[in-house]
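Asker: sequence and predicted structure, then a few things I'm wondering about:
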Amino acid sequence: TMARTLALVVMLAILAGNQAAIDREDKLPASLAVPGSAADQHNVINLSLHTTLPSPEGAPSYDLTRTRRLRDALNVFDLDLLAAKWGQVELAGGLSGNCSRDMRSYLAGLSDAKMWAVKMDDASGHYTSGFFYGNNYWMGSLALCDAIDDGVASMAPSLGKDNSSAPSSSENGGLPFAAAHTQGYSSVYNAPPPFVPGFYVIKIQLNETLPTQVLRTIYVGMCLPSSCSIADIREMSSKAHVELPSRDLKVLDIRVPTDKEFNIWADKTFCLLIVVSCIVMGLICCGTLYEIYLRRKLKEALRRQDKEMMNNSETSSGIGCASSDYSDTMTAHDDPLKQSNRSHDHSQSNSLKQLDQLVLNLPPNDNDSGNGHHEHDPSHDHHDDHDHDHRGGNNTSTSDEHLEGHLHEPEKLSIYSELLLSFSAITNFNAICDRNVGADTIPCIHGLRAFSMAWVILGHTCIVVFKYSDNMEMRKEVEQNFFFQAITNGPFSVDTFFFISGFLISYLYFRTNAKGKLNKLSKGANEFTAGTAHFLGLVAYRFMRLTAPYLFVLGVVQVTMKYLATYSIFDPPTMDHITCPDYWWRNILYINTLFPVDEMCMLWSWYLANDTQFYMIGAIILIVGVRHFKLSAITTVVFLVLSWITTAVIAFTNNHRPNTDDPLALFDKIYDKPWTRLGPYLIGMAVGWILFRTNCKIRLPKLTVATAWTLAMLNLFVLVFGLYRADLSQFMAAAYSSLSHSAWALSLAWITIACSTGYGGYINSLLSAPCLYPFSRVTYCAYLVHPIVIRSMALNSDAPLHLGGDLMVVMFFGLTVASYFLSFVVSMSFEAPVVTMLKILSPSRKKRLA
């Protein structure tokens, strides 16, 4: 009896304790709401089953109801809490009347589980997962928010009780193995809401101390009534979260992509771009049609020539066309006729290519006229030394000469006709895709330029897409990979451009001056006047050569970034939509790197500004060096040493650590400043002078060649991968920052010299491959347009990217193809016509026509 009494007392105590625990749970404050409670959920339809599963005997059980979870700390816009406080919010008077009215309708729709309200809630973003792996974007779905008010209700064929359209039994289900996928989703239609939904991106600074100390900037997309202003959203944000002592929330900015405040058709810059594009397109069409007309005349002349040659020939085929081989019927003394026939066969295959020489009386095609942005004024005359298909001083009459007799009158075209033909898409496309190079061009330069441009695109792709990914922590992981150093040290690709530019201006200037062509421009003038004339001519040519495509792309950047800054759910990477309208003139004068980076329009144009400033310095050194070589050499060395010292001092004083800092960490102090990037340009000028003086003929022992190649490759490898897990002192870091760019150029110097003098081997074959020439010739335009392509891809997305190795590879190749496609279009429209017109209008060209 005593045992039964004790057992009954224990059971009653246990039951009383359980009831007390239940009572305590019912009285929990809202701040300690558990998952599944009303204060923590965004969905109005509660699908959770509140059932308690019995735990096996002896198995431990855990109570998480009193533990604040991460989802509680990151619940920064709680619509349930806002609904509970709505009466207080309206009484506070912080909302506009329209917003307050529409929000009441929205909250009522949620309470009634109306589908349009459920969809708005579904389109709103909230914390999901991956916060500690770099997920700062809780964007929801802008597309879904827009689609709610698209009137899809009228399109619904038949709606059941669940507002979904059941597929008809007569509908085809597609492939058999795809049946599971087609039946796994069905569209849910809704009646139109009583207001127009709007999408708001709230930028919030989160300072959290529990469960861990975190300072992050997060982005939350909310689908709310469009009648609410930014001030209304800010007011509601302050009421839509629980105040926690361990958390501080601060709204930094609110953007409204659905506001449509930017009308692109009302933008003056866009209208100007449309007008210019239409004019250029008209000129291209006219020039192309005119060239087709001239080509038909050429074909008719060749047909008449074929008939005449067939009549004079002892041998002909039986089908009415000239025989292709006269060698068996002609004797040795018939050499003139044999020469004519061989030339005729050659002209049949190359007659269209010779249009400029035969019909237009233009100089032979400058196969490198479509080069990137590194060709300079002296280069436009180098083709005068070549006579196309007139070799060996032979006085025999060729078929081309015979054709000239037939076309003697049409070849004297007016200068306006020639200017119109400079816009011909046929000529410009053939010039860009020509597999030959000019006599004054080093073929390996094309490979260096093309591969460096691909490297630039790869680096910029990684910079942009990492910024808009939901797994940004992945970047820290891949940066620990040894081979990722090739991307981290991508800025060396720009040093390659500087080296090529310095090499070309030096090499081409000395060659042009050696031919005496520069003296014609300043005949009879004293040394100072002649030098000034040369300098102004070089600068004017470069300005006209670069500015046309540059100015067009500058306008495209301004309009594009205005559009993306307005309609994208993401913040733009730079403020071009603000800086370009105010500071575009600095870009046109190529002085934008002399001002703060936050005022720079078209950030990647820093290279063009530096290259133009280096061009002016190099032009002065070259002009002086023609008569005072020692003075120019000393000046070059002094500038080089001063650049090293200046870079080292800046890096040391700012404690710049290239082994750990982001490559763009000191962009405004080291990265884009001309006095820190001058070294590769000056080294390129020195290499150009060496190859000119030796006429690309240098004899070296095999051991010297092998040693030089080994040192050059080792140097490149160390510069790219040598900082992997390296620990540099402040002094060594400053020294590396100072000398690394010039060290890179020294390796390029050997590669250029070796490939130009016969010691390049397989590397020369790779760099000089004709398939790279077209890509090299549009490098300038590719450099201008590729950031627009990358930004448009990232900012036009409705959700952040989830990066992976395979995705990055696919994106890189896709963006490269798209960038080069646009660069071909811009080059054929604005770059190649300008180059041709400058040659037509050059002083030497006028003398030749006269």
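Answerer: Right, received. Where do you want to start? Numbers count the residues shown, from 1 in each chain.

Asker: any stretches of this protein with poor pLDDT?
Answerer: Along the chain, the parts satisfying pLDDT under 70 run over 1-58, 151-186, 210-212, 302-412, 439-440, 516-525, 843-850.

Asker: and the strands in it?
Answerer: Listed in chain order, the strands of the chain (DSSP state E) span residues 137-138, 197-208, 214-225, 247-255.

Asker: helices or strands up against the second one?
Answerer: Judged by 3 or more Cβ pairs under 8 Å, 6 or more residues apart in numbering; DSSP states H and E, the packing partners of strand 197-208 are helix 115-123, helix 142-147, strand 214-225, helix 230-239, strand 247-255. The way it works is simple: take the backbone N, C-alpha and C, and place the C-beta from them, glycine included.

Asker: ok, back up a step: most tightly packed of the strands of the chain?
Answerer: Using mean count of other Cβ atoms under 10 Å, the stretch among the strands of the chain with the greatest mean number of neighbours is strand 137-138 (a mean of 23).

Asker: just checking the distance from it to the centre of its chain.
Answerer: Taking the mean C-alpha point of strand 137-138 and that of its whole chain, the gap between them comes to 25 Å (Cα atoms, centre = their mean, to the nearest Å).

Asker: quick revisit: relative to residue 99, which of the strands of the chain is closest?
Answerer: Proximity to residue 99, assessed across the strands of the chain by Cβ to Cβ, is greatest for strand 214-225 (6.3 Å).

Asker: partner strands of the closest one and their direction?
Answerer: Sheet neighbours of strand 214-225, with direction, are listed as strand 137-138 (parallel), strand 197-208 (antiparallel) (DSSP bridges).

Asker: out of the ones you listed, which gets nearest to residue 515?
Answerer: Distances from residue 515 to each of those were compared using Cβ to Cβ; the minimum, 60.6 Å, belongs to strand 137-138.

Asker: on that earlier part again, okay, the strands of the chain in a markdown table with distance to residue 838 next?
Answerer: Listed next are the strands of the chain as a markdown table, based on distance: least, Cβ to Cβ, whole Å:
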| stretch | distance to residue 838 |
| --- | --- |
| strand 137-138 | 48 |
| strand 197-208 | 48 |
| strand 214-225 | 49 |
| strand 247-255 | 45 |
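
Asker: for residue 751, find the nearest of those.
Answerer: Go through the strands of the chain one by one with Cβ to Cβ and the one that ends up closest to residue 751 is strand 137-138, at 43.6 Å.

Asker: hmm, residue 688 is touching residue 511, no?
Answerer: No - at 9.2 Å, residue 688 does not count as touching residue 511 under the criterion of Cβ atoms under 8 Å.

Asker: looking at the two, which has the bigger crowd around it?
Answerer: Counted by other Cβ atoms under 10 Å, residue 688 and residue 511 do not tie: residue 688 has more neighbours, with 26 against 21.

Asker: buried residues of stretch 418-437, list them for me.
Answerer: 418-425, 427-432, 434, 437 (16 or more other Cβ atoms under 10 Å).

Asker: which of the residues you listed lies closest to residue 828?
Answerer: Sorting the buried residues of stretch 418-437 by how near they are to residue 828, with Cβ to Cβ, puts residue 428 at the top with 4.6 Å.

Asker: how far away is the closest one from residue 288?
Answerer: Relative to residue 288, residue 428 is positioned 9 Å away (Cβ to Cβ, to the nearest Å).

Asker: same thing with residue 604?
Answerer: As for residue 604, its distance to residue 288 is 32 Å (criterion: Cβ to Cβ).

Asker: equivalent analysis for residue 267, please.
Answerer: As defined by Cβ to Cβ, residue 267 lies at a distance of 30 Å from residue 288.

Asker: quick check: the farthest pair among the buried residues of stretch 418-437?
Answerer: Spatial extent of the buried residues of stretch 418-437 (Cβ to Cβ) is set by the pair 420 and 437 at 27.3 Å.

Asker: spit out the contact partners of the nearest residue to residue 644 once chain neighbours are set aside.
Answerer: Nearest in space to residue 644, with sequence neighbours left out and distances taken as Cβ to Cβ, 6 or more residues apart in numbering, is residue 738 at 4.8 Å. Contact analysis of residue 738 by Cβ atoms under 8 Å, 6 or more residues apart in numbering lists 644-645, 647-648, 651.

Asker: top of those residues by neighbour count?
Answerer: residue 647 (27 neighbours).

Asker: check contacts around that residue.
Answerer: Residue 647 makes contact with 670, 675-676, 737-738, according to Cβ under 8 Å, 6+ apart.

Asker: relative to the whole chain's centre, how far out is the longest helix anywhere in the chain?
Answerer: The single longest helix within the chain, with elements called by DSSP state H, is helix 268-312. The chain centroid and the centroid of helix 268-312 are separated by 33 Å, computed with Cα atoms, centre = their mean.

Asker: skipping adjacent residues, who's closest to residue 466 in space?
Answerer: Here the residue nearest residue 466, using Cβ to Cβ, 6+ apart, is residue 475, at 4.9 Å.
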